[in-house]
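S.K.: The following comprises the amino acid sequence and a computationally predicted model.
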Amino acid sequence: MADRAIIYGDIISEKERQNIEKNYPSSKAKMSWEKEPSLCNNKKGSSLVFVDLDNPLFTSADFLISIATAGENTKVIGKSRNPKQEEAIRVAKFGVTELLTPHQCLQRLDNFLNQLEKEQTSQKNSKYSVNALIGSSSQTKEIRRTINLLADVDFPSALILGETGTGKSLVSKILHHTGVRADHNLVEVNCSAIPDELFETELFGHTQGAFTDAKNEKMGLFEYAQQGTLFLDEVGNLSPSAQAKLLKILEDKKLRKVGTVKEKDIDVRVITATNINLEKTIEQGKFREDLYFRLNLLTLEIPPLRERPVDIPEIVKHYLKFYSIIYGKPNIEIDEDALVEMKNHKWPGNVRELCNVIERAVLLTKKDIIKLRDIKTALKKDRLSVADRQQIVIDIPPNGLSLEKIEQNIVKQVLNMFNWNKTKTAKYLGISRPRLRRIMGSTEVEQNRRQR
């Protein structure tokens, strides 16, 4: 599907043009009207190009060839009042793929704009549309307005600032999926999770044999994000060495894999995020000022949830619906007292903490409405008891866990739930008391009992 239309000459009448602009509000941004045979800048995306072949200005071979080769997926449609087969064959040599009457051109243009409207509507309803940023506070509205302004701009970089849990990752996804690079990859990187010695090979890639364990060539994340977006989260935690390497590729726009001297041009939008005050870290000599200026061409600051309490009811209702469906409780609501409690809470963990509390409240409630008591219980910092949670928790260490250990873990939790009443515990677990005694005879369970 073409992403815009270019019209050379009098393809349609002025009245038809006015009707188009009235019926399709986006047509002004997605169409250009040219009266001279000058080459439009069409190299950034595919376009549908209409050429008035009844006008001698637009019939030269050089002009038609230049239009047809301007973009990788350009489709050139010629307009003729009396299209003939021999004329279609002639212009086909110069890249004109179709020869249509004025009425057929109008139909093709109408179909193009209609499809464009459908795509835009679908985008608005998608998971990462601008509407995914929930809230009616002035701060949230301003962020949405900024994202909308950037939708048709191919900006090279942006910096997202905000406390942990405010939704920086979500904003990066919205910027990508609503922007001009949405058809290409979005690659997300947590800078804190990449060891400094692996930063170069992870982001730039390496050739086969570049180092001892490099048995195969590896594509770096920059290359994987080609023509798309690379999101670098927690960029403020990069080491000085990693900062220097990142700055070089942003300045040169050239990629060189580890183990080779060959360079490759890259076209990647870089969105970064941090909860650190970068200006202070620059003063402390921990972050490069030149890299900071490269990253903050555009800056979006997401305020903490405590500064926009008007957003809380909308966020609560959104995630309440989400978790209710996930846990098979689709009719759950929240009462006013519980909502007031949530509005008054300071939310040090921001939206992430709020989502966690809603999920716990949905799990805890036995009715179709979440009450103040449920919210207060869900807000507790300490672990809930098994009786409160009505679920068993098994912590699985990285090196694995045997079935015997799982059995002991479950028995300990259920014994605590019934205040070490063995009869109730055995009945709850559906096992005999002798089997329960055998499990309780293990060192860990006995030690737990003695500690009690």
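M.R.: Perfect, I can see it now. Worth saying up front: this structure is predicted, and the values here are computed from it rather than measured.
S.K.: give me the number of residues near Ser129?
M.R.: Other residues within reach of Ser129, judged by other CB atoms under 10 Å, total 17. Where you see a C-beta, it was placed from the backbone N, CA and C, and this is true even at glycine.
S.K.: Next up, phi/psi of it, please.
M.R.: phi -80, psi 170 (degrees, to the nearest 10).
S.K.: now swap in Ala210 and tell me
M.R.: Dihedral angles (degrees, to the nearest 10) for Ala210: phi -60, psi -30.
S.K.: List the contacts of it.
M.R.: By CB atoms under 8 Å, 6 or more residues apart in numbering, the contact set of Ala210 is 201, 257-260.
S.K.: Model confidence at the residue nearest to Thr207 when sequence neighbours are not counted, what's the number?
M.R.: Of all residues not flanking Thr207 in the chain, Gly259 sits nearest, at 3.8 Å (CB to CB, 6 or more residues apart in numbering). In the predicted model, Gly259 carries a pLDDT score of 87.
S.K.: doesn't Gly209 make contact with Gly259?
M.R.: Yes - checked against CB atoms under 8 Å, the pair Gly259 and Gly209 is within contact range at 6.7 Å.
S.K.: and these two? which has more neighbours close in?
M.R.: Between Gly259 and Gly209, Gly259 has the larger neighbour count (other CB under 10 Å), namely 17 against 11.
S.K.: Could you pull up the contacting residues of that one?
M.R.: Contacts of Gly259 (CB under 8 Å, 6+ apart): 206-211, 214.
S.K.: quick check, Leu113 in a helix?
M.R.: Yes - going by DSSP: H, G, I helix; E, B strand; the rest coil, the assignment for Leu113 places it inside a helix.
S.K.: Kindly give a single PyMOL line that selects the buried subset of the contacts of Ala210.
M.R.: To isolate the buried subset of the contacts of Ala210 in PyMOL, counting by 16 or more other CB atoms under 10 Å, use the following:
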select buried, resi 201+257+258+259
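S.K.: need the contacts of Ala210 in TSV with secondary structure and distance to Ile143, can you?
M.R.: Output for those, formatted as TSV (DSSP: H, G, I helix; E, B strand; the rest coil; distance: CB to CB, whole Å):
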residue	secondary structure	distance to Ile143
Thr201	helix	35
Lys257	coil	37
Val258	strand	38
Gly259	coil	42
Thr260	coil	41
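S.K.: pLDDT below threshold where in the stretch 251-400 of the chain?
M.R.: For the stretch 251-400 of the chain, residues meeting the criterion pLDDT under 70 lie at 381-400.
S.K.: now with 80?
M.R.: 330-331, 364, 366, 380-400 (pLDDT under 80).
S.K.: In this protein, which residue is most central in space?
M.R.: For the chain, the residue sitting closest to the mean C-alpha position, by CA atoms, centre = their mean, is Lys173 at 2.1 Å.
S.K.: The helix or strand that contains it - contacts with which helices or strands?
M.R.: Taking DSSP states H and E as the criterion, Lys173 maps to helix 168-177. If contacts are counted by 3 or more CB pairs under 8 Å, 6 or more residues apart in numbering; DSSP states H and E, helix 168-177 sits against helix 138-150, strand 157-161, strand 186-190, strand 229-233, strand 269-274.
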